[in-house]
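Undergrad: Generate coordinates for the sequence data below:
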Amino acid sequence: MPDFSHENQFRNEEGYAVIAGIDEAGRGPLAGPVVAGAVVLPDGFEHPVLNDSKQLSGKKREEIFQELTAKSSGVFWAAGIIDAPEIDRINILRATWKAMRVAFESLPRKAKPEAALIDGKPIRDFPKTHRAIVKGDSKSLSIAAASIIAKVTRDRLMIDYAEKYPIYGFERHKGYGTAAHLEALAEHGPCRIHRFSFAPVAQLQLKL
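TA: A predicted model of the protein is given here:
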């Protein structure tokens, strides 16, 4: 289970008092945005089941999201959202980095984050000192919390898109390349929120 060991080590080694956790959701789908979450947890924060969002059910993620974003929680949070057209324009890696920067810079001023722990590898042009942790969402409480913010925010957006584009089933697969999604693409072609730079959409070379 994730804990504060990485946060504490970063504080002790670098002297930072306030550290944000950052994670993303949606790098791999064929449709929809990439979303990053940024979180600053209060001192003494504890949670019995908070973990990497991929290890939790959708229902449990929603419950934890509600807890983290409640005004009484003491948690500071923000999300950065980069839509499909911009992903196509700058590529998914740069879009992911941008979403992380946007999330971090959108944290409330009173959070005063001085540095960040980021899931994965270091990113370019980040506004503050950061430390990257591979599989950080299963090691750092701050990153795990950010993974919940990112995943639930993105899932809700895809459910909203499903109402606008009902033929694709976005509410079920959230834009990932499932067989049902590929079949819908083959039959109907892409819509505005598809990523045209991703080969299955651009070329319709679908493995059915």
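
Undergrad: from the chain's centre, how far out does whichever helix in the chain runs longest sit?
TA: Secondary structure of the chain per DSSP state H: the longest helix is helix 141-164. Centroid separation for helix 141-164 versus its chain: 7 Å, with CA atoms, centre = their mean, to the nearest Å.

Undergrad: And stretch 178-197, by the same measure?
TA: Counting by CA atoms, centre = their mean, stretch 178-197 is centred 22 Å from the centre of its parent chain.

Undergrad: for it, what is the average pLDDT?
TA: Stretch 178-197 carries an average pLDDT of 95.

Undergrad: And for stretch 155-164?
TA: 98.

Undergrad: So Tyr131 belongs to a helix, correct?
TA: Actually, residue 131 is Arg. It isn't Tyr. No: residue state for Arg131 (DSSP: H, G, I helix; E, B strand; the rest coil) corresponds to strand; a helix is not indicated.

Undergrad: and the residue in the chain sticking out farthest from the centre, what element?
TA: The C-alpha centroid of the chain is most remote from Glu187, which lies 30.0 Å away (CA atoms, centre = their mean). With secondary structure defined by DSSP states H and E, Glu187 is part of helix 179-188.

Undergrad: circling back to that earlier point, state the distance from the residue farthest from the centre of the chain to Val75.
TA: Distance of Glu187 to Val75, given as CB to CB, to the nearest Å: 43 Å. All C-beta atoms are positioned from the backbone trio N, CA, C, and that covers glycine.

Undergrad: Gly169 now?
TA: Between Gly169 and Val75 the computed distance is 33 Å (CB to CB).

Undergrad: before we move on, back to that, let's see the longest helix of the chain as PDB, backbone CA atoms only.
TA: Taking C-alpha atoms only, helix 141-164 is exported to PDB below (Å, rounded to 0.1, in the frame of the first residue of the first chain):
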ATOM      1  CA  LEU A 141      -0.100   8.400  -1.000                       C
ATOM      2  CA  SER A 142       0.100  11.800  -2.700                       C
ATOM      3  CA  ILE A 143       0.400  10.200  -6.200                       C
ATOM      4  CA  ALA A 144      -2.200   7.600  -5.400                       C
ATOM      5  CA  ALA A 145      -4.600  10.400  -4.500                       C
ATOM      6  CA  ALA A 146      -3.700  12.200  -7.700                       C
ATOM      7  CA  SER A 147      -4.500   9.000  -9.700                       C
ATOM      8  CA  ILE A 148      -8.000   8.900  -8.300                       C
ATOM      9  CA  ILE A 149      -8.600  12.600  -9.200                       C
ATOM     10  CA  ALA A 150      -7.300  12.000 -12.700                       C
ATOM     11  CA  LYS A 151      -9.200   8.700 -13.400                       C
ATOM     12  CA  VAL A 152     -12.500   9.800 -12.000                       C
ATOM     13  CA  THR A 153     -12.400  13.200 -13.700                       C
ATOM     14  CA  ARG A 154     -11.700  11.500 -17.000                       C
ATOM     15  CA  ASP A 155     -14.300   8.800 -16.600                       C
ATOM     16  CA  ARG A 156     -16.900  11.400 -15.900                       C
ATOM     17  CA  LEU A 157     -16.000  13.300 -19.000                       C
ATOM     18  CA  MET A 158     -16.200  10.200 -21.100                       C
ATOM     19  CA  ILE A 159     -19.700   9.400 -19.700                       C
ATOM     20  CA  ASP A 160     -20.700  12.900 -20.700                       C
ATOM     21  CA  TYR A 161     -19.300  12.300 -24.200                       C
ATOM     22  CA  ALA A 162     -21.300   9.100 -24.400                       C
ATOM     23  CA  GLU A 163     -24.500  11.100 -24.200                       C
ATOM     24  CA  LYS A 164     -23.300  13.300 -27.100                       C
END
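
Undergrad: I'm done for today, thanks for sticking with me.
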